[in-house]
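Peer 1: give me a 3D structure for the following:
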Amino acid sequence: MILNYIKIAWKVLLRHPFYTFITLFGITMTLTVLMVLTSFLDHLVGNHYPEENRGRSLYIWNMTQQDSSGTSMQSGPMSYKFLTQFVKTLKTPERVGICSMSTAANTYVNGKRIKVSTKYCDPDFWKVATFEFLEGKPFNEQNIANGDKVAVITDLVKREYFENENEPAVGKVIEIENEKYKVIGVVKSSPVTRFMTYSEVFFPYNMPKSNFQSKWFRGNFYAIVLAKNTSDMPKIQEEFNDVIARFPLPANEDGFKYSVLEVTAEKYVDNMVKPLLRTTVGNTFYIIVALVMLMLMGLPAINLINLNVSRIMERASEIGIRKAFGAPVKTLAWQFIVENIFITLIGGFLALILTFIFIMIFNGSGLILHADLTINFYVFGVSLVVCFVFGLLSGVVPAFRMSKMKVIDALKSA
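Peer 2: Okay, here's the model as predicted:
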């Protein structure tokens, strides 16, 4: 039965090329926009290189200190001292990696200045993040203990700094801000949008310019807490909250007296959205995104409903004859819904091709450094659901409207 409906839908498409073009154009453009947005959203918050463990990671990256009157407040990253004293000591996590915020630095090649992004991190950072080492290896505890001036660089820095990119960079010396470092490893570059792990040059945390020996609790570092599994994440948050609750207050931070301390271990999305909403988002974020997508689909769906009604009106005689021979309302409605979903899937296929082309162009444009937007199973699954929803939104109303027409009215409109 469904196969017959599809055959009928195909013949209807060929019968009116203009209506077919308008309908497919509207469907294709709408779904292309939604697929691109889904891919971009997945790029921002999904589990991708080098944060493939993001789904079972908690991020501690902001500390807020407030005085007793509530009139003065300081906020920002933490010091290495704070993180080692209050985060590294947690019992529940599998591992805790510490790294600094990225900072800009300069290096020179044949008199030409090259700007690079630098980050200081501890050895556990390499076990929390999932960087792909193209050469060498990360620095370890022995390098830290020896105070070795070593660095891990990206393949991009290797190409820009060393004359022959085909030769191994490990063992060579790179000079950054008038300091010389021995290259110990080369990693594949990552997108700049994954700023928790993004950098072009990575140094051990105990290099002099990292300020890791600061005696204060605020500084330039944050922590990525890796859970053994997702079910342990609430336990880690509870353990960390207990630790912070026992923090001795009031306290003094470089002359600033504070009696309120707020530090939380949050999921990645919560960390990104919480400063804007001033609350933990949980599933609310995804609900809002879904509602926005439905709204984006709603406007073109209304236009397509009108087009579908006009298209189906031309088939009034067919409807009238079929009803005269006893075709039930549900059968007629189901036929038009299947036809509309079929047309929507054709538009979805065209949108998939356009989305793939757009993503290839966008990734190569350099608008986002090392962007890696993809159409993975998640994006494809969401797109498929969107196609069905869009088909239902634009097909149900005209289907039921036409299926309920009286036989005499249907024959007259013919």
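Peer 1: packing partners of the longest helix anywhere in the chain?
Peer 2: For the chain, the helix with the greatest residue count under DSSP state H is helix 329-365. For helix 329-365, the elements it packs on are helix 2-15, helix 17-45, helix 284-313, helix 316-324, helix 377-403, judged by 3 or more CB pairs under 8 Å, 6 or more residues apart in numbering; DSSP states H and E. In short, each C-beta sits where N, CA and C put it, glycine included.
Peer 1: okay, angle between it and helix 17-45 too, please.
Peer 2: 60 degrees (axes from the mean of the first three to the mean of the last three CA atoms, to 10 degrees).
Peer 1: in helix 329-365, what counts as buried?
Peer 2: Buried residues in helix 329-365, defined by neighbour count with 16 or more other CB atoms under 10 Å: 332-348, 350-352, 354-355, 358-359, 362-363.
Peer 1: can you check stretch 49-68 too?
Peer 2: Quick answer for stretch 49-68 (16+ other CB under 10 Å): 49-51, 53-54, 56-63, 65-66.
Peer 1: cool, and stretch 208-219?
Peer 2: 210-212, 214, 217-219.
Peer 1: on that earlier part again, mean confidence for the longest helix of the chain?
Peer 2: On average, the pLDDT along helix 329-365 is 83.
Peer 1: correct me, but residue 222 touches residue 96?
Peer 2: No. With contacts counted by CB atoms under 8 Å, residue 222 stays clear of residue 96, the gap being 10.9 Å.
Peer 1: quick check: neighbours shared by the two?
Peer 2: residue 83 (CB atoms under 8 Å, 6 or more residues apart in numbering).
Peer 1: picking up where we left off before, what is the nearest of the buried residues of stretch 49-68 to residue 180?
Peer 2: Residue 180 lies nearest to residue 50 out of the buried residues of stretch 49-68, by CB to CB, at 26.4 Å.
Peer 1: any idea how far that closest one lies from residue 263?
Peer 2: 25 Å (CB to CB, to the nearest Å).
Peer 1: what strand or helix carries residue 222?
Peer 2: strand 221-226 (DSSP states H and E).
Peer 1: so after that strand, what's the next helix or strand?
Peer 2: In N-to-C order, the element after strand 221-226 by DSSP H and E is helix 233-245.
Peer 1: next, the buried residues of that next one.
Peer 2: Buried positions in helix 233-245, judged by neighbour count with 16+ other CB under 10 Å: 233, 236-237, 239-240, 243-244.
Peer 1: just how off-centre is the next helix or strand after it within its chain?
Peer 2: Later in the chain than helix 233-245, the nearest helix or strand by DSSP H and E is strand 251-253. In terms of CA atoms, centre = their mean, to the nearest Å, the centre of strand 251-253 is found 37 Å from the chain centre.
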